[in-house]
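J.: predicted model and sequence below, questions to follow.
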Amino acid sequence: MIRPLLQEVRHNPLLWLLVFVPAVFAGEVLAPEAPTLLFVLSVLAIVPLAALLSHATESVAAKTGDAVGGLLNATLGNLTELVIALTALRAGQYLLVKASIAGAIVTNTLFMLGAAFLLGGLKHHLQDYNRAGARLQAGLLFLATVALLVPSAIAGADRAPGAEFTETLSLGLAVLLIATYALGMVFSLGTHRTFFASAGNAHAGEAPWPMALALGTLAGVTILVALVSEVFIASVEEAAESFGMSPAFVGFIVVALVGGAAEMASAFSAARKDRLDLSVGIALGSSSQIALFVAPVLVLLSYVMGPAPMDLQFWPGAVVMIMIATLTAALVTNSGRSAWFVGVLLLMVYLIFGLTLYLLPPGVG
Amino acid sequence: MIRPLLQEVRHNPLLWLLVFVPAVFAGEVLAPEAPTLLFVLSVLAIVPLAALLSHATESVAAKTGDAVGGLLNATLGNLTELVIALTALRAGQYLLVKASIAGAIVTNTLFMLGAAFLLGGLKHHLQDYNRAGARLQAGLLFLATVALLVPSAIAGADRAPGAEFTETLSLGLAVLLIATYALGMVFSLGTHRTFFASAGNAHAGEAPWPMALALGTLAGVTILVALVSEVFIASVEEAAESFGMSPAFVGFIVVALVGGAAEMASAFSAARKDRLDLSVGIALGSSSQIALFVAPVLVLLSYVMGPAPMDLQFWPGAVVMIMIATLTAALVTNSGRSAWFVGVLLLMVYLIFGLTLYLLPPGVG
Amino acid sequence: MIRPLLQEVRHNPLLWLLVFVPAVFAGEVLAPEAPTLLFVLSVLAIVPLAALLSHATESVAAKTGDAVGGLLNATLGNLTELVIALTALRAGQYLLVKASIAGAIVTNTLFMLGAAFLLGGLKHHLQDYNRAGARLQAGLLFLATVALLVPSAIAGADRAPGAEFTETLSLGLAVLLIATYALGMVFSLGTHRTFFASAGNAHAGEAPWPMALALGTLAGVTILVALVSEVFIASVEEAAESFGMSPAFVGFIVVALVGGAAEMASAFSAARKDRLDLSVGIALGSSSQIALFVAPVLVLLSYVMGPAPMDLQFWPGAVVMIMIATLTAALVTNSGRSAWFVGVLLLMVYLIFGLTLYLLPPGVG
């Protein structure tokens, strides 16, 4: 029964990185005082685990039929990001949680989408894709941006209205966002599914695993991700310092690239095969899922698992970046058509963000 | 001659609320120390008066031919809002005037349009409407947003440039906005009327009244609205307190819903009948009319009727909400096509605003 | 050989203003203490010089074939603005340099495009133009806006991160912008040139000059512009004061209108001839060229020619205006269709900016 798993490992070079999973645990025992080494090992270990998690989710989804499968993909599609964020949440590192949420939204919207457009465009002169799906995701992202922007804009306008206001408001917003996300699924998987036909199944090319293997992988790998995340979270701050990177850069860029590596591989490969519907669906779907599902779920879970309630008030710089990323996605996907330069524009916006964060002195952000 | 009026009252349940008009005046005499009661009575009385005013305006418009009629609708279409605001203006309650202007723009753009999309979409799978009209209104709204945003953004950037600057600028902006509104009418009712064919007549289904009745109703009801508004304005602050609502919530949400109730009834009924052109025209037309006609007229009138000149500098939180509402309308109406989930998105943005304002502690906003 | 030059002068009334070029130099000697006179003379002299420069550039471009010609137009198309800004740069007047950059972007995007739409629309009922070109330019402008917005938004969010951060970041952003501009040319003149067919040659109606005359004019007139600019820069501040104009108004509006007069003449004439592709190409192309080429080149040159490095951190009010101008252009050109009222909307946005800047008391901005 484990054979499909081994077969997958042999064919997918990304999975060879699985060797770093035991290396992390060995490192933790042998070199507990080497945060930079532990950081690098944990990064290298998370990438293949995320790929396994992603494949297992889709295998379960493929076996359970369209509606349940769509639901599963929509809730577990960013399980890696969720587990990493939960680990940081339990450690009380709320700034890192928020940075990684904002970073994942921005990275998926700009880098993943932009690189997919560029890689696809270098091979194909013009690429068309389903506008309906892109518009739905952009609309959801827009709503999430409003939810992040309005509290700070309205409240911070003249006087800070206190922590209680922010907490209650965040709780209400979290409920609204999850409700919208659920209604969005009713819309795209239910009443109007014909409009969003092709954007559903991510790894369409690969054969799904048997149910038992998929469920077992899902459970086992989630635990492994949680364990590796702990090493990652514990070492990230000191490692950033020794690399000369600002904490803002690590939280926004590095964590987001690590957590999304598996999805990026899928999105880029689909773009090269001229299946841009799939690429756009993965990139923007992942962004909106983090904004409307992962982030509010973390707020709710912070009441149960965290040392204190987490609110939805983000660093103003992060709000600006999310706003620009959303607006860029809305403007760019408006035409339903892409060429390589569209990818360049998206990547340049991302580079501007990355450069600014990289140069940001510590203490800001 | 009064028979059509009685007939209308019998067929339109909204008008049964007219019984509250005498109740307000009775309450004012019998219970002058019960602001909460007076507030509720005046709210209930304004709704049917607004409906009568609206029908009277359209009856005059229908009798006077297209050009004059369009002009009448465009200037008197928000007579209720104008009279309420004028009452607040004369009382020197400029914060309430501004909150009700901003609230009317946001409520019409997000709530009225969103609920029309949702109600129409629950009955019809997909609904198409005339993009030209929606784009014109969104363009006008965009201009008004710039006029509200730029002064505070440019002036407040480094140092406050003083009240004289703000006053002179507001006067100039008011003239520019009214001029644009007038040119917009030349465009949509004159040179390019064929593009905006169906958006003109709001209550297309109802029979117009005879001219004398319509003019008499217009005059009489305007006076009644003014009298009831005085009770409303005088009681709103204490009533809000006793309901546990922030003043910002009352100014933005309650006043706007009360003043626009009649138009909402029309917009929703048109959407159910799959006449979305009409719904979009009422909702966005009403927003742009308040932004480009009612608000600047109030600035000009404040020099004649108010205790001091009123400027166009709004609370930053209000500017952000108007900006987001305008951008949302521009993005949403871009496709000229709607389904129920589009309505959900608009309503969710409105809910986010409402929730934030509701939770806002007094003293902010 | 000089005959085509004289012929051009006879047929183009704009060039009769060339008489003011010697007048400037005479004035400098005879009335060195009359800044207002020198200011007016230098303004009147720059306009025809800019027209000559523009024609010479296009003549060289027409002779050198499409690819090299496109490149020439793209780099020397705003030579006047570049020379004026360089003169101010060498004088260390960085505020004026930045104001003139921001002003040129805003003026070209709103005034030049708006007046072209209005003038064309008054003659033709509806005008269609190539959306692809407008979208590319709007996309480039959007990127430049992000580059100007993000540093101040991210950095200024909580604490000022110091001049070194701003300088290094500006240098990096300048390189990114120039790279994007170059890739944009590869895209529009190279790999996807068929999509942007008609937007290339600005003065399509006029006969190109012989190569020797064109190159001679290019060299000679550039020197003249530089000399006149020195008078202009030296007199502008005192002149503004005596006209009762705020320095912000002069930097943003007057300098931009003077520097762009020649291009405006071309854009307006093309719009009247129903060649709106050309008008849109000139207006938005000029804006994006200043934002992505002239501005970053000035940053790089400030290390060589200026008294100190110049950064890309603009006055917040200027960033807001550029942002609004870009968003307006993106929304307006989205449909690829224009009527006179679209021009009115663009001009009204410009008027709002102009009015605000005009009324701004000195010391702000």
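T.: That came through fine.

J.: around chain B, pick out the residues from chain A.
T.: Counting by C-beta under 8 Å from any C-beta of the partner chain, the residues of chain A close to chain B are A:135-136, A:139-140, A:142-143, A:146-147, A:149-151, A:153-155, A:157-159, A:161-162, A:165, A:168-169, A:172-173, A:176, A:179-180, A:183-184, A:187, A:191-192, A:330, A:334. Every C-beta, even on glycine, is put in place using the N, C-alpha and C of the backbone.

J.: I figured A:Phe165 was touching B:Leu359, is that so?
T.: Yes - between A:Phe165 and B:Leu359 there is a contact at 5.6 Å, judged by C-beta atoms under 8 Å.

J.: before we move on, back to that, now, which of the residues of chain A next to chain B lie close to chain C?
T.: Counting by C-beta under 8 Å from any C-beta, the subset of these that neighbours chain C consists of A:Asn334.

J.: could I have the buried ones of the residues of chain A next to chain B as ChimeraX selection syntax?
T.: One line in ChimeraX is enough to select the buried members of the residues of chain A next to chain B, burial here meaning 16 or more other C-beta atoms under 10 Å in any protein chain shown:
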select /A:135,136,139,140,142,143,146,147,149,150,151,153,154,155,157,161,165,169,172,173,176,180,183,184,187,192,330,334
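
J.: in strands only, show me the residues of chain A next to chain B.
T.: When those are checked against strands (DSSP state E), there are no matches.

J.: show me what contacts the residue of the stretch 251-365 of chain A at minimum distance from chain B?
T.: Using C-beta to the nearest C-beta, the point where the stretch 251-365 of chain A gets nearest to chain B is A:Ala330, with a distance of 6.1 Å. With C-beta atoms under 8 Å, 6 or more residues apart in numbering or on different chains as the criterion, the residues that contact A:Ala330 are A:138, A:141-142, B:331.

J.: could you redo the last one with a cut-off of 6 Å?
T.: With contact taken as C-beta atoms under 6 Å, 6 or more residues apart in numbering or on different chains, A:Ala330 is in contact with A:Ala138.

J.: what's the first helix or strand after the lowest-mean-pLDDT helix or strand in chain A?
T.: One helix or strand of chain A scores below all others by mean pLDDT, DSSP states H and E: helix A:66-76, with a mean of 66. Sequence-wise, the next helix or strand beyond helix A:66-76 is helix A:79-90, with elements assigned using DSSP states H and E.

J.: name the helices or strands packed onto that next one?
T.: Helix A:79-90 is packed against helix A:35-63, helix A:94-106, helix A:211-243, helix A:255-259, with contacts defined by 3 or more C-beta pairs under 6 Å, 6 or more residues apart in numbering or on different chains; DSSP states H and E.

J.: now do 8 Å
T.: Applying 3 or more C-beta pairs under 8 Å, 6 or more residues apart in numbering or on different chains; DSSP states H and E, one finds that helix A:79-90 contacts helix A:35-63, helix A:94-106, helix A:211-243, helix A:255-259, helix A:295-302.

J.: and the next element down the chain from the third one?
T.: Read it as helix A:211-243. Proceeding C-terminally, helix A:211-243 gives way to helix A:247-249 as the next helix or strand, assigned by DSSP H and E.

J.: what comes up buried for that next one?
T.: Taking 16+ other C-beta under 10 Å as the criterion, helix A:247-249 shows A:247-249 as buried.

J.: and those residues, which is closest to chain B?
T.: Looking across those and measuring by C-beta to the nearest C-beta, the closest to chain B is A:Ala248, at 24.6 Å.

J.: so where's the stretch 1-150 of chain A uncertain?
T.: A:1, A:65-71, A:73-74 (pLDDT under 70).

J.: and the nearest residue to A:Phe268 once chain neighbours are set aside, which of the three is it?
T.: In this structure, A:Phe268 finds its nearest non-sequential neighbour in A:Leu119, 5.2 Å apart by C-beta to C-beta, 6 or more residues apart in numbering or on different chains. Three-state call for A:Leu119 (DSSP: H, G, I helix; E, B strand; the rest coil): helix.

J.: hang on, A:Leu119 packs against A:Arg272?
T.: Yes - between A:Leu119 and A:Arg272 there is a contact at 5.8 Å, judged by C-beta under 8 Å.

J.: looking at the two, which one has more neighbours?
T.: A:Leu119 (19 against 14; other C-beta atoms under 10 Å in any protein chain shown).

J.: if we can go back for a sec, could you dump the helices and strands packed on helix A:79-90 into TSV with mean neighbour count and distance to A:Glu8 added?
T.: Conversion of the helices and strands packed on helix A:79-90 to TSV gives the following (neighbours: other C-beta atoms under 10 Å in any protein chain shown; distance: least, C-beta to C-beta, whole Å):
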stretch	mean neighbour count	distance to A:Glu8
helix A:35-63	23	7
helix A:94-106	25	25
helix A:211-243	19	10
helix A:255-259	24	20
helix A:295-302	22	29
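
J.: how close does A:Leu15 get to chain C?
T.: 35 Å (C-beta to the nearest C-beta, to the nearest Å).

J.: next up, the contacts around the nearest residue to that residue once chain neighbours are set aside.
T.: In space, not counting the residues next to it along the chain, A:Leu15 is nearest to A:Val9; the distance is 4.4 Å by C-beta to C-beta, 6+ apart. Contact partners of A:Val9, counting by C-beta under 8 Å, 6+ apart, are A:15-16, A:18.

J.: separation between A:Thr208 and chain B?
T.: Slight slip there: residue A:208 is Pro, not Thr. Applying C-beta to the nearest C-beta, one obtains 30 Å for the distance of A:Pro208 from chain B.

J.: can you tell me the SS state at that residue?
T.: coil.

J.: any weak-confidence spans in the stretch 151-300 of chain A?
T.: Applying pLDDT under 70 to the stretch 151-300 of chain A flags residues A:154-161, A:197-207.

J.: please repeat the previous calculation with a cut-off of 80.
T.: Segments of the stretch 151-300 of chain A classed as low confidence (criterion: pLDDT under 80) are A:151-164, A:189-209, A:237, A:246-248, A:262.

J.: what is the burial count for the residue of the stretch 51-200 of chain A found nearest chain C?
T.: When you check the stretch 51-200 of chain A against chain C by C-beta to the nearest C-beta, the closest residue turns out to be A:His125, at 7.6 Å. The burial count assigned to A:His125 is 11, neighbours taken as other C-beta under 10 Å.

J.: residues in contact with the closest residue to it other than its chain neighbours?
T.: Closest residue in space to A:His125, ignoring its immediate chain neighbours: A:Ala339 at 7.1 Å, by C-beta to C-beta, 6+ apart. For A:Ala339, the contacting residues are A:117, A:121, A:125-127, C:187, C:191-192, by C-beta under 8 Å, 6+ apart.

J.: I'd like the distance between A:Ala339 and C:Thr333.
T.: When C-beta to C-beta, to the nearest Å is applied, the distance between A:Ala339 and C:Thr333 equals 18 Å.

J.: same check, this time on A:Arg337
T.: In this structure, A:Arg337 and C:Thr333 are separated by 16 Å, where distance is defined by C-beta to C-beta.

J.: between the two, who's got more neighbours?
T.: Between A:Arg337 and C:Thr333, counted using other C-beta under 10 Å, the more crowded position is C:Thr333 (24 against 14).

J.: leaving out sequence neighbours, find the closest residue to A:Pro151.
T.: Spatially, and ignoring its direct neighbours in sequence, A:Pro151 is nearest to A:Leu169 (5.3 Å; C-beta to C-beta, 6+ apart).

J.: pretty sure A:Leu141 is touching A:Ser287, no?
T.: Yes - at 5.8 Å, A:Leu141 and A:Ser287 qualify as touching, with contact defined as C-beta under 8 Å.

J.: so for the two, which sits in the more crowded spot?
T.: A side-by-side neighbour count of A:Leu141 and A:Ser287, using other C-beta under 10 Å, places A:Ser287 first with 30 against 26.

J.: apart from its chain neighbours, what residue comes closest to that one?
T.: On the basis of C-beta to C-beta, 6+ apart, the spatially nearest residue to A:Ser287 that is not a chain neighbour turns out to be A:Asn108, at 4.2 Å.
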